[in-house]
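Visitor: the sequence and its predicted three-dimensional model are supplied below.
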Amino acid sequence: MRVQGGIDGTALQQRLHAHAAIGATDAGGVCRIALTDADRAGRDQIVAWMRECGLHVQVDRIGNIFGTRTGQEAHAAPVMTGSHIDTVATGGRYDGNYGVIAGLEVVRWLDARGIGTRRPIVVAAFTNEEGVRFMPDMMGSLVHAGGLSLAQALDTTGTDGARLGDELARIGYAGDLPCGSIRPHAFVELHIEQGPVLEAEGIDIGVVHDLQGISWQEIAITGQSNHAGTTPMHLRRDAGYCAAAIAVFVRGLAGGAGGTLVGTVGAIGLHPGLINVIAARATLTVDLRHTDEALLQRAEEQLAEYLQQLAAEQGVRIAARRLARFAPVRFDERIAARIAAAAAARGYSHRRMTSGAGHDAQMMARICPSAMVFVPSHQGISHNPREYTAQRHLAQGADVLLDVVRSLADAP
């Protein structure tokens, strides 16, 4: 694999910091939730940078942004890279953003040296990857890949009651490009790890060969509100207790699967929420993830069985509602091998690994060969203003992205 210099790490870092100023929080992080005014400003900056690079910019009907660099064979399927620019409410400056801006740095590097490629190169910024305001997450890439209809996505109601299609139009990013009309030859996503493995092992590059399946559910419990002092414990229909019991069960379920299943109760709400009143209602979320589809399904079944048992024992009603469900993904082995070879050619240490988080690449893998490149996250911290990756590692990841995208774009 050819090695001819690398990405300017200082310029990459400066653009990441400049973009992080859009939606900046007092804590030093970024709040750029999908289809808000901050998201619009972030999109405007990305589009401006794409045009500075001479890319042909298109926006599809779900708001995905594509900047295309022409190839020598104009009608050949393009090589696509990119990620997302929306964040969680307490986000950092690297999650998603890094993959989009590094893709633009690849284009700048090629342009500065007058290097053409056989295939076009597309840098993508997908809509609503985080799924904070509108569920499910990875929505833009899911619609692009045909896994969710455009009509259903546009009719999604956000946590604030807003309709996605209306908000997309309001911020000016309801494009006219038919969704899925750009079908790549290959897709490569560069991302921070969002976990501690690479840093703990002193490894420069993660070669992501698979991604965990994800199961999100919301569980609603209906019991009976009553006096906290006068109601005997054995006569209570306590929704709060049931919520706590489910959280404990999920933890045990994960621990009993050999450490490979992960389970999280990330949100619990109680009503009426008073210190001296037994909770009448409770809602909680359950997040289950596993790389094996059969084992993930078994965990879902065990949870469902437990909910039935608990409801009968405690005299409450329990209803579960699926929020999102994605099967595990095995990425393309040939692209993973290219990533490993590119890292080795530059003298960067690397290892194969699984992604525990969801990414746009898992949706793109439905329609084209795809894989991911990870770089270390300091202390594994992400979705947090303290999210940090050193400039050296940012540049190394961009170097690997450059080499892989270039080799794929020159492939027959």
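Guide: Arrived safely, thanks for sending. Predicted, not measured: the structure shown is a model, and the values here were computed from it. Numbers count the residues shown, from 1 in each chain.
Visitor: residue nearest the centroid of this structure?
Guide: Nearest residue to the geometric centre of the chain (CA atoms, centre = their mean): residue 359, 3.7 Å.
Visitor: does that one touch residue 189 like I think?
Guide: Yes - the criterion here is CB atoms under 8 Å, and residue 359 meets it with residue 189 at 5.9 Å. All C-beta atoms are positioned from the backbone trio N, CA, C, and that covers glycine.
Visitor: what is in contact with the two at once?
Guide: 83, 372 (CB atoms under 8 Å, 6 or more residues apart in numbering).
Visitor: show me where the stretch 101-250 of the chain has strands.
Guide: Counting by DSSP state E, counting those that start in this stretch, one finds strands in the stretch 101-250 of the chain at the ranges 121-126, 186-192, 205-211, 213-222, 226-227.
Visitor: quick check: phi and psi on the residue nearest to the centre of the chain?
Guide: phi -150, psi 160 (degrees, to the nearest 10).
Visitor: with residue 162 instead?
Guide: Backbone torsions for residue 162, taken as degrees, to the nearest 10, come to phi -80, psi 150.
Visitor: distance of residue 356 from residue 71?
Guide: To residue 71, residue 356 is 35 Å away according to CB to CB, to the nearest Å.
Visitor: and those two? which has more neighbours close in?
Guide: More crowded of residue 356 and residue 71, by other CB atoms under 10 Å: residue 71, with 19 against 15.
Visitor: what sits against the more buried one?
Guide: Residue 71 sits next to 78, 116-121, 409 when contact means CB under 8 Å, 6+ apart.
Visitor: of those residues, keep whichever come out buried.
Guide: Neighbour-count burial (16 or more other CB atoms under 10 Å) applied to the contacts of residue 71 gives 78, 117, 119-121, 409.
Visitor: what's the most distant pair in these?
Guide: Using CB to CB, the pair of the buried ones among the contacts of residue 71 lying farthest apart is 78 and 117, separated by 9.4 Å.
Visitor: what do these two both touch?
Guide: The contact sets of residue 78 and residue 117 overlap at 71, 409 (CB under 8 Å, 6+ apart).
Visitor: please identify the buried residues of the strand or helix carrying residue 100?
Guide: If you go by DSSP states H and E, residue 100 is part of helix 97-112. The neighbour-count check on helix 97-112 (16+ other CB under 10 Å) flags 97-110 as buried.
Visitor: turn the residues you listed into JSON lines, including pLDDT and distance to residue 20.
Guide: Converted to JSON lines, the buried residues of helix 97-112 look like this (pLDDT from 0 to 100; distance: CB to CB, whole Å):
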{"residue": "97", "pLDDT": "97", "distance to residue 20": "7"}
{"residue": "98", "pLDDT": "98", "distance to residue 20": "10"}
{"residue": "99", "pLDDT": "98", "distance to residue 20": "14"}
{"residue": "100", "pLDDT": "98", "distance to residue 20": "13"}
{"residue": "101", "pLDDT": "98", "distance to residue 20": "10"}
{"residue": "102", "pLDDT": "98", "distance to residue 20": "14"}
{"residue": "103", "pLDDT": "98", "distance to residue 20": "17"}
{"residue": "104", "pLDDT": "98", "distance to residue 20": "15"}
{"residue": "105", "pLDDT": "98", "distance to residue 20": "16"}
{"residue": "106", "pLDDT": "98", "distance to residue 20": "20"}
{"residue": "107", "pLDDT": "98", "distance to residue 20": "21"}
{"residue": "108", "pLDDT": "98", "distance to residue 20": "19"}
{"residue": "109", "pLDDT": "98", "distance to residue 20": "22"}
{"residue": "110", "pLDDT": "98", "distance to residue 20": "25"}
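Visitor: just to revisit the earlier point, wait, which of the strands of the stretch 101-250 of the chain is closest to residue 12?
Guide: Of all these, strand 186-192 sits nearest to residue 12, with 10.9 Å by CB to CB.
Visitor: and the closest one with strand 121-126, angle?
Guide: Strand 186-192 runs at 60 degrees relative to strand 121-126, counting by axes from the mean of the first three to the mean of the last three CA atoms, to 10 degrees.
Visitor: tell me which other helices or strands the helix holding residue 100 touches.
Guide: helix 9-20, helix 37-52, strand 65-69, strand 79-84, strand 121-126, strand 186-192, helix 391-409 (3 or more CB pairs under 8 Å, 6 or more residues apart in numbering; DSSP states H and E).
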